[in-house]
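A.B. asks: Here is a sequence together with a model predicted from it:
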Amino acid sequence: MLQVSSKRRRASDVLENTPRKDRRYVGKDVPRIDSIEKITGQALYTGDLEFAGMLHGKVLRSPHAKAKILKIDTTKAQQLPGVHAVLTGDDLDYRVGLYLVDKYILARETIRHFGEAVAAVAAETPAIAQQAVDLIEVEYEVMTPFLEPKKVFDKEAPLVHPDLGSYDYVQAVFTPVPGTNIANHTKLRKGDVNKAFKKADYIIEREYTNPNVQHVPMETHIAIGKWDVGDRITIHTSAQSPFTVRNLFAHSFKIPHCNIRVITPYLGGGFGGKAGIHLEPLCCCLSKMAGGRPVKIQATREEEFSLLPCRSGLTYHIKTGVKKNGKIVAQKMTMYWDAGAYADYAVNVTRASGFSASGPYEIENAWVDAYTVYTNKPFGTAYRGFGHVEFSWGVERHMNYVASQIGIDPLEFRRINALKAGSKTMTGEEIMKNTGNVTKCMEAVAESIKYGRLTAAEAAREKKTGRKIGKSVVALHKAPAMPPFTGTVMIIKLNEDGSVTGSHALTDYGMGTYTSLAQIIADVLRWPIERIRLPIENDTDRDPYDWQTVASKGLLLSGNAAILAAKDLLDKCYDVAAQVLRAQKCDLDHDEDKVFVRHHPKSFVTYKQMAVGYAYPDGNAICGPIVGIGRYIAQGLSNLNKETGQGNPALDWTYGAHGLVVEVDPKTGEYTIIKVASAYDVGCVINEASVRGQAIGGMLQGLGTAMCEGYIYNDKGQLLNPSFTDNKIPTSLDIPEEIDCIAIETPQIDGPFGARGVGEHSMIAVCGALGNAIEQAVGAVLTHMPIRQEDVWRALRNKKAPGKVVRQSKAARTEKNADAEVIAKPRRGRPPKAAKSVAETPRKRGRPPKSASAAVESAKPRRGRPPKAAKPADNTPKKRGRPPKAVKPADNTPKKRGRPPKAAKPADNAPKKRGRPPKAVKPAENTPKKRGRPSKSASADKSGQARRGRPPRAAKPADNTPKKRGRPPKAAKPADNAQKKRGRPPRAAKSDGSMPPKRRRLPKMPTVNEPVSN
Amino acid sequence: MQIKLTVNGKKYQRDASETKNLLHFLREDLGLTGTKEGCGAGECGACTVIMNGRTVNSCLILAVEADGCDIQTIEGEAKDGNLSELQQAFHKNHAVQCGFCTPGMIMSARALLQKTAKPSVEQIKEAIEGNFCRCTGYQQIIEAIQDASGQLKKKEGLRRA
């Protein structure tokens, strides 16, 4: 291993121990190496590429969620001039699938979701292609779609994939259930939940839901496919994982990998939506039919919502057993993933969420059933967070719910249960000191938002606006969801002038990973970063393998590969230098230009001299062009046991926390996010501004999910909001007033300089933070996302709060007596006091009793309410409520209503005096008018002046008995014990004796709290 | 139909289809691919250009409507191979991630600075309200525009705890 200072080298030097002062780039704010071409508009995205003879493809999409295709007639489309290819499902008997091969390229026989591709056309212009699509005639037999994931166990539920049993799938990891709509069932069984529930003091359960959501990359999906003679395929595509596109294509079409070339230019966002294979097969098949002409298909924004995949919806039921002291002892979690029509990534989302489902908290006894449910909706794929955003909503809302039911502050409750060094995760993995520190993340954000109190400014704001401020702290964790054998390669080539060009297949669609990798290479090589080039375009023919750019694993795996490649490059340079300088390698060192002998620095060889082979003055040459190669693969990971879910799946855990401050109008439900503080334990910050950019960007994307995004379907499964008009995403006006980003650095021992990834984490828990803060502010209980302002308003009016709380009696803790007291309605507010034991005398509280001396008593003035009047001797019950109606006058004259009649005009018709009464006449002698309170003197004649201010105090009684305070004693009951009249006085009859009509009561406000997706 | 227009200071005369929008005309007929198509419906702002001094969604303008107009696109921002102060500010302040919204975003910022030399944060937010960005969360873009107008006093950073 090579050392970065002039001290004696140690064999086991580790980069994360490199003193910060020796790091020139790592940890600093280095501008991105790929931003200038984007800022000038010179970066070429897939849509900017033109090829000779290129055609344009368009897709005919299904208007139905489930239907049989009875007939497709493409004759008119084929005859349209300018059309070169028309395809339907009958032409393409190929299926694709990442983990479960269940999807045809074009629908064959059956439509499974609204927007599914039924036919496709390639033509010379987009307009001709669209015209041809419109000429295709399709006859459908519309069928009843299956839309409710929770009904997956209904025997009558229509099947989305009746042939599920015949599909290929990754058997080591997934468990489809043929004959049902279950594409995968992930199980986790840790400890003994049934036993542990019996020992719990409380059992608290509730259900949480969220709908399908769209990634909305600014660049829609786009691909250009070319299928040449000899089955040589070239694909340009906006895809996150070029090697996955190649691999899946090869499997589906049975073509050798080396015949398929996938190139990814600049990418306009992905967020997981471009992680797999989507439009590429269709483009290539159209190209093959069109004689090898390249075919470009660019999805419109509307197609992006339904033709392309989205994020699965989730219904998450959590049942928690907890002790009075706040320790969770058992938790049962059931997830129904609304995965849509095809399995795609959703089966893996189910698996990854299954093992992470409890959040960053220790659960001794855990039971998880996570189901990937097929429904007739656009299918779910990978989305930033990979299931964690969806279930974290449930977990973080649930943590607050449990805390409130047992009477512990939600942050303290999280502290008690947070994973720490020595804890075991749900899969049985032991957390180590260097895994990360979620408690530190929570403390950092709690401090930032001044959790637990209102600042003076916040209190003043509440007073001024009438809105209520609420605060919450939530926590999160995620490990990369990837195969345990995930690996990557980095190649660094030394150029003739001493610069390097890197080659690898990790893509960068905005995260800034390439800049971080360049910083890492620059610090290992000790070169200026300007001499390190990492081209954004990836090419499977030219670049070495990388699994996929997903899962927040890129920095760790590719960063390590980059370090190994840089060291390999230096090692080869040292080989040359050792020979040329006749030195041993241990006597050499290097700087940005050369390799030199440490104790004779004037004895050196420059990189330029070595780059393409070293040539001696007489022309003899040694070594050769210098290339550094670094390979890295995840170490020590394992698959999960399919029955117990136990294993070691996590490359690393990145922990984080949010603190959120929100202001809510208690009448309308309108809210404003005042502040979001985010903290992540990233191990080592490689690029400050990149980490901050990920933190803020992900936070706002999470707020989009929390506040306003979500698919809305009708009862036929048709998508109603496939556009930005009705499916809004946050704009610059929606960002919180204040944003605070914090990094914690607990080094990841096997990470590059101690770093771990953070690409997804910023999105995960902000939804739960918002829901908790709103509840803390105004008491609105929300269990469904998104939280639109009308949802807050409805929740405020919802008298029946969701959830179920069981308080187990002491007897229930023994196995003999399983009875438990059920409280039907969940408590709000403070929990009930702990029951007293029989032997215990009630604790005396408050003021001690007064002494018994009556004489003393009578001398003291009474305070407060006077004693109740004695009950009548005959014990007739006191009459309560409204008095009986007044008897109608005999002559039925109607009661007069409204304004009393005007006073009769004075007989002399003098006009009525209006306005202020005339000023008092000044006294004749012009003494100045007395102002202020008149004097108390009783001699002045005050009868003519209106009194101002407080009336004078009543004179004290002559015998100085103390003034009686408080409520006056009740009037004595009338001698005849007639009941005291209460409530509204009876309606008086009208002047003509009749009674006025009754007033109608206004109807109650609606209490419906409907999910968005229904 | 024959149209004459000035784009980034250069005069063009072309035959434009009556059904083609200005966005596609710029990209396909003039080869200026910097301006991007994000939605084709005037909602995302990726196609923002400046037309006679005002920002417009070029996907909603017909090419023939631009006859006789002065158009500024992202390609005209840098001069003689040098980034403008606005572009330098975007670069320095990490206001670019995937870059797809960036050309439109810079055009909106440019139009704002042409009208208001020192815009407030509220004015900046309103000026870019019609430009969606899914990556950055807007904060670093706002800081870049403040920096370009000489108003970024103290740069917010990542705190360590």
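C.D. replies: Looks like it came in fine.

A.B. asks: near chain B, which residues of the stretch 1-150 of chain A?
C.D. replies: A:29, A:31-32, A:34-45, A:47-48, A:127 (C-beta under 8 Å from any C-beta of the partner chain). Bear in mind the C-beta positions are built from the backbone N, C-alpha and C, glycine included.

A.B. asks: Mind doing that once more with 7 Å?
C.D. replies: Residues of the stretch 1-150 of chain A lying near chain B by C-beta under 7 Å from any C-beta of the partner chain: A:31-32, A:35-36, A:38-41, A:43, A:45, A:47-48.

A.B. asks: Whether whatever helix or strand residue A:768 lives in contacts chain B - can you check?
C.D. replies: When elements are assigned from DSSP states H and E, residue A:768 belongs to helix A:766-778. No. Helix A:766-778 stays clear of chain B (C-beta under 7 Å from any C-beta), getting no nearer than 11.1 Å.

A.B. asks: Give me the next element, helix or strand, following that helix.
C.D. replies: Later in the chain than helix A:766-778, the nearest helix or strand by DSSP H and E is helix A:789-797.

A.B. asks: Any idea how many residues pack against the residue nearest to residue A:36 when sequence neighbours are not counted?
C.D. replies: Excluding its sequence neighbours, the residue lying closest to residue A:36 (C-beta to C-beta, 6 or more residues apart in numbering or on different chains) is residue B:91, at 6.2 Å. Here the count is done by other C-beta atoms under 10 Å in any protein chain shown, and residue B:91 has 19 residues near it.

A.B. asks: now residue B:35
C.D. replies: Residues contacting residue B:35 under the criterion other C-beta under 10 Å number 24.

A.B. asks: thinking again about what came up before, the helix holding residue A:768: which residues count as buried?
C.D. replies: Buried residues in helix A:766-778, defined by neighbour count with 16 or more other C-beta atoms under 10 Å in any protein chain shown: A:766-778.

A.B. asks: Specify which member of those is nearest to chain B.
C.D. replies: The nearest member of the buried residues of helix A:766-778 to chain B, counting by C-beta to the nearest C-beta, is residue A:766 at 11.1 Å.

A.B. asks: Can you tell me the SS state at the nearest residue to that closest one once chain neighbours are set aside?
C.D. replies: Residue nearest to residue A:766 in three dimensions, not counting chain neighbours: residue A:702, with 3.8 Å by C-beta to C-beta, 6+ apart. With DSSP: H, G, I helix; E, B strand; the rest coil as the basis, residue A:702 sits in helix.

A.B. asks: show me what contacts residue A:702?
C.D. replies: With contacts taken as C-beta atoms under 7 Å, 6 or more residues apart in numbering or on different chains, residue A:702 has the following neighbours: A:389, A:763, A:766-767.

A.B. asks: For the residue in the stretch 501-650 of chain A positioned nearest to chain B, the count of nearby residues, please.
C.D. replies: Distance from chain B to each residue of the stretch 501-650 of chain A (C-beta to the nearest C-beta) is smallest for residue A:510, at 3.3 Å. A count of nearby residues for residue A:510, using other C-beta under 10 Å, gives 30.

A.B. asks: The helix holding residue A:768 packs against which elements?
C.D. replies: For helix A:766-778, the contact count by 3 or more C-beta pairs under 7 Å, 6 or more residues apart in numbering or on different chains; DSSP states H and E identifies helix A:388-406, strand A:468-478, strand A:654-664, helix A:688-707 as packing neighbours.

A.B. asks: chain center to that helix: distance?
C.D. replies: In this view, helix A:766-778 has its centroid 12 Å away from the chain centroid, taken as C-alpha atoms, centre = their mean, to the nearest Å.

A.B. asks: where does the chain dip in pLDDT?
C.D. replies: As the question left the chain open, I've gone with chain A. Residue ranges of chain A with pLDDT under 70: A:1-17, A:809-1014.

A.B. asks: ah, I was thinking of chain B
C.D. replies: Under the criterion of pLDDT under 70, none of chain B is flagged as low confidence.

A.B. asks: Show me where it has its strands.
C.D. replies: If DSSP state E is used as the criterion, the strands of chain B fall at B:2-7, B:10-15, B:48-51, B:54-57, B:70-72, B:159-160.

A.B. asks: Deepest in the core, which of the ones you listed is it.
C.D. replies: Ranked by average neighbour count under the criterion mean count of other C-beta atoms under 10 Å in any protein chain shown, the strands of chain B are headed by strand B:48-51 at a mean of 24.

A.B. asks: TSV for the strands of chain B, including distance to chain A?
C.D. replies: Conversion of these to TSV gives the following (distance: least, C-beta to the nearest C-beta, whole Å):
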stretch	distance to chain A
strand B:2-7	13
strand B:10-15	15
strand B:48-51	11
strand B:54-57	12
strand B:70-72	12
strand B:159-160	5
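
A.B. asks: so what does the longest strand seen in chain A touch, helix or strand wise?
C.D. replies: Longest strand of chain A, by residue count under DSSP E: strand A:328-340. In this structure, strand A:328-340 makes packing contacts with helix A:193-199, strand A:313-322, helix A:346-356, strand A:366-374, judged by 3+ C-beta pairs under 7 Å, 6+ apart.

A.B. asks: Mind putting the helices and strands packed on helix A:766-778 into a markdown table with distance to residue A:260?
C.D. replies: A markdown table is the format used below for the helices and strands packed on helix A:766-778 (distance: least, C-beta to C-beta, whole Å):
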| stretch | distance to residue A:260 |
| --- | --- |
| helix A:388-406 | 33 |
| strand A:468-478 | 32 |
| strand A:654-664 | 34 |
| helix A:688-707 | 32 |
